[in-house]
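A.B. asks: I'll drop the sequence and a predicted model, then ask my questions.
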Amino acid sequence: MWQQDAIWGSDINNPAFRALLKGMDKDVASKWPEYWAEDELLCDLYDEINGNPLHSNPPANIVDCVNVYAQCLDFVHRYPKKTDNGHIASLRQVLKEHPEDILSQLWRTFESMHPFGRRPLQQRLVLAAQKYLSALFRLSEEPDHDPIDWDDLPEDFDDDVAEERASPHERLRNLCLCSFAFPILYHCFLFSESDSVRRENIMLQEMISKVDGYDGAEVAYRIYTEKLGYSRAGPQFQVLLRSTLAPDCLLNILQDFRYIMGGHASQAMWDKALTSCLSLLGGLESLSQNMEYVRLMRFLGEPNRFIRAYFTQNFCVSKINVLKDVILNHHGAILIPLSAILSAKNHREKYWLIDDLFLIPIIISELGPVKRWDISQKEFGALLAESMRPVWKDTLDTLRELESDFPLSEHPMVPMVIEQWSLFGSTIGIQHLVHPLIGCCHAKCPLFIAKTDQPMALCSGCHQVQYCGATCQLSDWKSHNPHCQNAA
């Protein structure tokens, strides 16, 4: 039997101890119980990680200890006899008694290093922290040995008993709300030196967020970004934006840049980030056909939010030039209708719809309604009209088919997307290019580009658009005016 004191200090890397871990790895079912029961391996590791409470510095061997503890968590998860008392006791240790303190110590160690402290950040610590979190949250899959029937509880049921009987999933969910799990994740992502580690981090964030239910993630992100601050984060973003990053990683970095740097970043940093943002769109067309909806909308949603944030900066005086660049050089004419159809099919929340409708609300805001366009607006309107002419009517028809073929409960956002798409077509003045011209050309009219027997009257100025009556013509005048003047 391995002696308990052998894992203290530098002895954690003792070859004999490592050999025993290797043996457990090969035969978890028979060998792991010996070490949780008699040598109290988990408790010894926990004590070593926490270090001496009288010392302010984290233990020097915390990385090695956390790596071994994570390996033990893997043994716990792989142990087949889930109803053994020893297994249930070890679950209690690693889910209730240990994790909050271990995560606090990990965070304290990160705080002693760059960018918070003077010591250089160890990438080994980043890897160990992610390994521990991954092994810990996989335990959410463990069975609930003492389930509570919440629908049939006595009035005097003790909350402490409920906490004691909480399932592994519930304990981990509570941990998301009251520990450093998410701040550690965010910090590891932002300060990792490897895209492969960042990708693992993204998958880990998704796994933990499913346990959390997104209750703790948003609060923790706000706390972390405020603590980090733009002055500490700025140099790291300079490095990241000069690097070649995988698309998934770049999306998260752009989001972090918006939240953390915001108005504190220089124009040069914002311009560099915008270039990186547009490069994502440039590579998206070849991916879009085979990409699942959630991932595709993420690739459209973050660039859309980033462009909106860029437009709010004081130095941004030429929004039209940015939009032109997207249309001409980054497949904007393909991605705009794709976003509209995907949003109509899949969206359930009105609040997020405008964020995810790629560029459409931005374009409507920039171009109309106005009485007179300047030269750049006219040029951009003409470019959009030419680019969208082949697809605008087909997209409108597809959206209307969704509206007629499915109940509103299945696609509740379809009417709103149709309204935005109709306004978009009217704003850039292509609704009259439908051949043969049908229906009323006022985007908010129920007869907008729709088959009808009701007589229509052509605009006397351009003779290109038609309306069902004077009310629609007057309502549409602000949007139609620039196009009417151009046609005349």
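C.D. replies: Yep, it's here.

A.B. asks: mind listing the strands for this structure?
C.D. replies: 457-458, 466-467 (DSSP state E).

A.B. asks: Quick one: closest of those to residue 68.
C.D. replies: Proximity to residue 68 (C-beta to C-beta) singles out strand 466-467 among those, at 75.8 Å. All C-beta atoms are positioned from the backbone trio N, CA, C, and that covers glycine.

A.B. asks: Which one of the strands of the chain lies nearest to residue 12?
C.D. replies: When the strands of the chain are compared by C-beta to C-beta, strand 466-467 sits nearest residue 12, at 80.5 Å.

A.B. asks: any idea where the helices of the stretch 251-400 of the chain begin and end?
C.D. replies: Assigned helices in the stretch 251-400 of the chain, in chain order: 267-282, 285-288, 293-311, 319-329, 332-346, 350-356, 360-367, 375-388, 392-405 (criterion: DSSP state H, counting those that start in this stretch).

A.B. asks: Tell me what angle the longest one forms with helix 267-282.
C.D. replies: In this structure, helix 293-311 runs at an angle of 150 degrees to helix 267-282, with axes from the mean of the first three to the mean of the last three C-alpha atoms, to 10 degrees as the basis.

A.B. asks: re earlier: now tabulate the helices of the stretch 251-400 of the chain in a markdown table and tack on mean neighbour count and mean pLDDT.
C.D. replies: Shown next, in a markdown table, are those (neighbours: other C-beta atoms under 10 Å; pLDDT from 0 to 100):
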| stretch | mean neighbour count | mean pLDDT |
| --- | --- | --- |
| helix 267-282 | 18 | 93 |
| helix 285-288 | 13 | 60 |
| helix 293-311 | 19 | 87 |
| helix 319-329 | 17 | 92 |
| helix 332-346 | 21 | 86 |
| helix 350-356 | 15 | 60 |
| helix 360-367 | 19 | 88 |
| helix 375-388 | 17 | 90 |
| helix 392-405 | 16 | 89 |
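
A.B. asks: could the ones you listed be laid out in CSV, adding distance to residue 230?
C.D. replies: Formatted as CSV, the helices of the stretch 251-400 of the chain follow (distance: least, C-beta to C-beta, whole Å):
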stretch, distance to residue 230
helix 267-282, 10
helix 285-288, 32
helix 293-311, 14
helix 319-329, 23
helix 332-346, 30
helix 350-356, 23
helix 360-367, 25
helix 375-388, 32
helix 392-405, 40
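
A.B. asks: Nearest approach to residue 225 belongs to which of those helices?
C.D. replies: Nearest of the helices of the stretch 251-400 of the chain (C-beta to C-beta): helix 293-311, 14.4 Å.

A.B. asks: Relative to the whole chain's centre, how far out is that closest one?
C.D. replies: 10 Å (C-alpha atoms, centre = their mean, to the nearest Å).

A.B. asks: What is it packed up against?
C.D. replies: Packing partners of helix 293-311 (3 or more C-beta pairs under 8 Å, 6 or more residues apart in numbering; DSSP states H and E): helix 247-260, helix 267-282, helix 285-288, helix 319-329, helix 332-346, helix 350-356, helix 360-367.

A.B. asks: Any buried residues in the first one, and which?
C.D. replies: Okay, so that is helix 247-260. Residues of helix 247-260 classed as buried under the neighbour-count rule (16 or more other C-beta atoms under 10 Å) are 248-260.

A.B. asks: What separation do you get for the closest residue to residue 421 other than its chain neighbours and residue 391?
C.D. replies: Take residue 421 and drop its neighbours on the chain: the residue closest to it by C-beta to C-beta, 6 or more residues apart in numbering is residue 340, 5.4 Å away. Distance, residue 340 to residue 391, using C-beta to C-beta, to the nearest Å: 10 Å.

A.B. asks: Same check on residue 482?
C.D. replies: 22 Å.

A.B. asks: send the alpha carbons of stretch 253-267 over as CSV?
C.D. replies: The C-alpha coordinates for stretch 253-267 follow below in CSV (Å, rounded to 0.1, in the frame of the first residue of the first chain):
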residue,chain,number,x,y,z
ILE,A,253,-11.9,37.2,-28.7
LEU,A,254,-13.9,39.8,-30.6
GLN,A,255,-16.7,39.5,-28.1
ASP,A,256,-14.2,39.9,-25.2
PHE,A,257,-12.7,42.9,-27.0
ARG,A,258,-16.2,44.6,-27.3
TYR,A,259,-17.0,44.1,-23.6
ILE,A,260,-13.6,44.8,-22.0
MET,A,261,-12.0,47.4,-24.2
GLY,A,262,-15.1,49.3,-25.6
GLY,A,263,-14.5,53.0,-25.9
HIS,A,264,-11.0,52.6,-24.2
ALA,A,265,-9.4,51.1,-27.3
SER,A,266,-7.6,53.2,-29.8
GLN,A,267,-8.9,53.6,-33.3
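
A.B. asks: next one: it to chain centre, how far?
C.D. replies: 16 Å.

A.B. asks: cool, and stretch 472-488?
C.D. replies: With C-alpha atoms, centre = their mean as the basis, stretch 472-488 stands 41 Å off its chain's centre.

A.B. asks: roughly how far apart are residue 51 and residue 41?
C.D. replies: In terms of C-beta to C-beta, residue 51 sits 18 Å off from residue 41.

A.B. asks: neighbour-wise, which of residue 482 and residue 391 wins?
C.D. replies: Taking other C-beta atoms under 10 Å, residue 482 and residue 391 do not tie; residue 482 has more neighbours (22 against 16).

A.B. asks: Distance of the more buried one relative to residue 473?
C.D. replies: According to C-beta to C-beta, residue 482 and residue 473 sit 15 Å apart.

A.B. asks: low pLDDT regions in the protein?
C.D. replies: 1-10, 37-39, 52-56, 145-165, 214, 285-291, 347-355, 368-371, 485-488 (pLDDT under 70).

A.B. asks: Report all helices and strands that the helix ranked longest in it contacts.
C.D. replies: Secondary structure of the chain per DSSP state H: the longest helix is helix 215-241. Secondary structure elements in contact with helix 215-241, counted by 3+ C-beta pairs under 8 Å, 6+ apart, are helix 168-178, helix 181-191, helix 195-212, helix 247-260, helix 267-282.

A.B. asks: now for the strands of the chain, which one comes closest to residue 230?
C.D. replies: Closest to residue 230 of these is strand 466-467 (C-beta to C-beta; 51.9 Å).

A.B. asks: for the strands of the chain, which one ends up most surrounded?
C.D. replies: When these are scored by mean count of other C-beta atoms under 10 Å, the highest mean neighbour count falls to strand 466-467 (a mean of 21).

A.B. asks: before we move on, the earlier item: so residue 51 and residue 41 - more neighbours on which side?
C.D. replies: residue 41 (25 against 19).

A.B. asks: Cheers, nothing more for now.
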